[in-house]
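[1] here is a sequence together with a model predicted from it:
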Amino acid sequence: MRKVLSILVENTSGVLSHVSGLFSRRGYNIDSFSAGVTSDPRFTRMTIVTSGDEQILEQIEKQVAKLEDVVDIRILEPEASVRRELMLVKVRKVPPKQPGVYSLAEMTANFHGKTVDETPDSVLIEVTGNTDKLDSFLENLGDYEILELARTGLTALSRGTESIAQINRD
């Protein structure tokens, strides 16, 4: 099983170390991690994707919630959240020799990606979407040689306003 945790923490030095340290001390796995400051610079939102059986995932949630810097923790269910990931992929600028294979430009357009840099021998493409979309884009690259690849990790927010953590602005 996998869970997506949205964790609101105080924006203090060492908070990343506290959260990641909990995972490493307990032997929990982090499949994906992203973090960034919120609209209030006093707080950072971390999105952590973790996996394990039901009991381990419950323990992770409880242990993270106990950390001193954690203000709020939410489980983001797929139907109740919007999840996105950014991927940059650099490919060699040589078209595949198989007939019927999409051109790189067609494929990028089909996945709503965009070319962000181009040199005589490579193309750098940006694709944003859910994890399945990015995985599918990579599968469709087929015979193109991937020179470099970077993914941000999942970031997500819940839908609607019911689950917004109320923060004292004092």
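    Received it, and whenever you're ready, just let me know what you need. Bear in mind the structure is a predicted one, so any value in this text is a computation, not a measurement.

[2] drop to CA atoms for contacts and neighbour counts, all remaining ones
    OK.

[3] which parts of the protein are helices?
    Here the chain has its helices, by DSSP state H, at 15-26, 54-66, 104-110, 131-140.

[4] give me the angle between the longest one and helix 15-26.
    Put plainly, it is helix 54-66. 150 degrees (axes from the mean of the first three to the mean of the last three C-alpha atoms, to 10 degrees).

[5] buried sites along helix 54-66?
    L57, I60, E61, V64, A65 (16 or more other C-alpha atoms under 10 Å).

[6] for the last one, same thing?
    In terms of neighbour count (16+ other C-alpha under 10 Å), helix 131-140 has its buried residues at T131, L134, F137, N140.

[7] any idea how far that helix is from the middle of the chain?
    14 Å (C-alpha atoms, centre = their mean, to the nearest Å).

[8] what mean pLDDT does the lengthiest strand in the chain get?
    In terms of residue count, the longest strand belonging to the chain (DSSP state E) is strand 81-92. Computed over strand 81-92, the mean pLDDT rounds to 95.

[9] cool, stretch 36-54 as well?
    93.

[10] ok, back up a step: present the helices of the chain as JSON lines; the columns should include distance to A35.
    Compiled in JSON lines, the helices of the chain are given as follows (distance: least, C-alpha to C-alpha, whole Å):
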{"stretch": "helix 15-26", "distance to A35": "9"}
{"stretch": "helix 54-66", "distance to A35": "15"}
{"stretch": "helix 104-110", "distance to A35": "27"}
{"stretch": "helix 131-140", "distance to A35": "17"}
